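Q: I need the structure of the sequence given here:
(one chain, ligands or ions: 2)
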Amino acid sequence: MMAKLFRAVIMGPPGSGKGTISERIAQSFGLKHLSSGDFLRENIAANTEAGVLAKTYIERGLMVPDHVMTRLLLPRLEEMTRHSWLMDGFPCTLTQAKALNSTCDLDLVISLNIPYETLKDRLSDRWIHPASGRVYNMGFNPPRVQGRDDLSGEPLIQHDNDQPEALVARLRHYKDVAKPVIDLYKSKGILHTFSGTETDKIWPYINSLLSTKIPSRPETDTQHIPLP
Ligand SMILES: Nc1ncnc2c1ncn2[C@@H]1O[C@H](COP(=O)(O)OP(=O)(O)OP(=O)(O)O)[C@@H](O)[C@H]1O
Ligand SMILES: O=c1ccn([C@@H]2O[C@H](COP(=O)(O)OP(=O)(O)O)[C@@H](O)[C@H]2O)c(=O)[nH]1
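A: Ligands and ions are numbered 1, 2, ... in the order given. Okay, the predicted model is just below:
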């Protein structure tokens, strides 16, 4: 008999380790790691109508409007009827959370609470492979060849909005928009918050929580796939 499907969301400010932890969860528990950022990048690369629109916001360092995000993501999530998944980067706002709520019942929400100094240090040293969204950090998980993506060998870049000058505003914005979302999930009794400065120390707690919720691996495919 197939195990019950599991739906989870991971939230946290920029640099809190959502992508890093999502990869570990995907590998350990066989959930599909869905990333709003990867999905937007794919739509931009494919020049879809929504992708072209989203690009105009992302290029200016702005969030993509709620109606564009929900129109893009919800139909894709509805198609994922046979998979357990972990969503990273969505919902970001209360409007997005309410829209997601009307589409599916979440089992669990992970919220990461990481000190500002840690976020600043990590992001000022974050290197990204733009085509895939793979992230590196020169201390924590450096690429095999400096400045190059491990799989494609293509150059890595840094985002201007990861630098300390832009970070304060991004964090303030995150706090404002995330608070009502966190309150919503708290009131539903599905919110689990993890605090700390190192993913390696937080990970065992997340791992043991998920082990109580997902008794056996629901699927064998451990690949990180962007949404179909
Ligand atoms: N749920 C969302 N709502 C609105 N805009 C979004 C959402 N998810 C992603 N975006 C947009 O896509 C961009 C890229 O997202 P992505 O999550 O890859 O990177 P990011 O902004 O560097 O986030 P983080 O620093 O948390 O990893 C964001 O900067 C934002 O403009
Ligand atoms: O314990 C950790 C976890 C993450 N990172 C790095 O911090 C940056 C932000 O992590 P991620 O992209 O996973 O965070 P997100 O923005 O998705 O929350 C990346 O360069 C990671 O390599 C780190 O240095 N130490």
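Q: residues touching Pro155, list them.
A: Pro155 is in contact with 147-149, counting by CB atoms under 8 Å, 6 or more residues apart in numbering. C-betas here are computed from N, CA, C, even on glycine.
Q: and if you look at Met138?
A: By CB under 8 Å, 6+ apart, the contact list for Met138 reads 125, 127.
Q: could we number from 12 for the rest of this?
A: From this message on, residue numbering opens at 12, which makes the last subject Met149.
Q: check what pLDDT it gets.
A: Predicted confidence (pLDDT) for Met149: 87.
Q: do Thr31 as well
A: pLDDT, the model's per-residue confidence, is 92 for Thr31.
Q: related to what we said a few turns ago, just the buried residues of the contacts of Pro166.
A: Taking 16 or more other CB atoms under 10 Å as the criterion, what is buried in these is 159-160.
Q: make CSV out of the contacts of Pro166 and add pLDDT and secondary structure.
A: Shown next, in CSV, are the contacts of Pro166 (pLDDT from 0 to 100; DSSP: H, G, I helix; E, B strand; the rest coil):
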residue, pLDDT, secondary structure
Gly158, 95, coil
Arg159, 97, strand
Asp160, 96, coil
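Q: specify the beta-bridge partners of the residue most central in space within the chain.
A: Central residue of the chain (CA atoms, centre = their mean): Asp99, 2.3 Å from the mean position. Asp99 has the following beta-bridge partners by DSSP bridges: Ile21, Ser46.
Q: could you check how far it is from Ser33?
A: Taken as CB to CB, to the nearest Å, the spacing of Asp99 relative to Ser33 amounts to 5 Å.
Q: what touches both of these two?
A: Applying CB under 8 Å, 6+ apart, one finds that Asp99 and Ser33 are jointly contacted by 21, 44, 46.
Q: these two touch, right, the second one and Thr31?
A: No - His44 lies out of contact with Thr31 (CB atoms under 8 Å); the separation is 10.8 Å.
Q: more neighbours, these two?
A: Between His44 and Thr31, counting by other CB atoms under 10 Å, His44 is the more crowded of the two (24 against 19).
Q: am I right that the more buried one falls within a helix?
A: No - per DSSP: H, G, I helix; E, B strand; the rest coil, His44 lies outside any helix segment and is strand.
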